[in-house]
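A.B. asks: Sequence first, then the predicted structure:
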Amino acid sequence: MRPHHAAPGTHDHDKSSLLARLKRIEGQVRGIQRMVDENRYCMDVLTQISAIHESLRKVSEALLRDHLDHCVTQAIDSGDKREQERIYDELADLFNKYAR
């Protein structure tokens, strides 16, 4: 697990918001499981899957924004060339994963 660079407690609101979103997504996934179990119409299931994709995209955006606002900014401001290189490599890997 990567270290979290922000001070403890600085993101409690963001964390609670993200956890709430993830709990809603979890409920949506359980709903899809029921729909499949009940042999519901495929287009209805696919519509719900699309909604989950969008919800996950929003969670990803929020996490990326938090990472940029805090961890990346801290690494850049630190003046530590090795830490800056590490964070740039991390971001490049992340962008490559999302570009697929």
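C.D. replies: Right, received. Where do you want to start? Residues are numbered from 1 along each chain as shown.
A.B. asks: so how far is residue 22 from the residue nearest the centre of the chain?
C.D. replies: By Cα atoms, centre = their mean, the chain has its centre lying nearest to residue 60, at 2.8 Å. Residue 60 is 11 Å from residue 22, where distance means Cβ to Cβ, to the nearest Å. For glycine as for every other residue, the C-beta is placed from the backbone atoms N, C-alpha and C.
A.B. asks: and residue 31, what helix or strand is that in?
C.D. replies: Following DSSP states H and E, one finds residue 31 within helix 12-37.
A.B. asks: if we can go back for a sec, now name the helix or strand holding the residue nearest to the centre of the chain.
C.D. replies: Secondary-structure assignment from DSSP H and E places residue 60 in helix 42-66.
A.B. asks: which strands and helices sit next to the first helix or strand past that helix going along the chain?
C.D. replies: Per DSSP H and E, the first helix or strand lying C-terminal to helix 42-66 is helix 73-78. If you count contacts as 3 or more Cβ pairs under 8 Å, 6 or more residues apart in numbering; DSSP states H and E, helix 73-78 packs onto helix 81-99.
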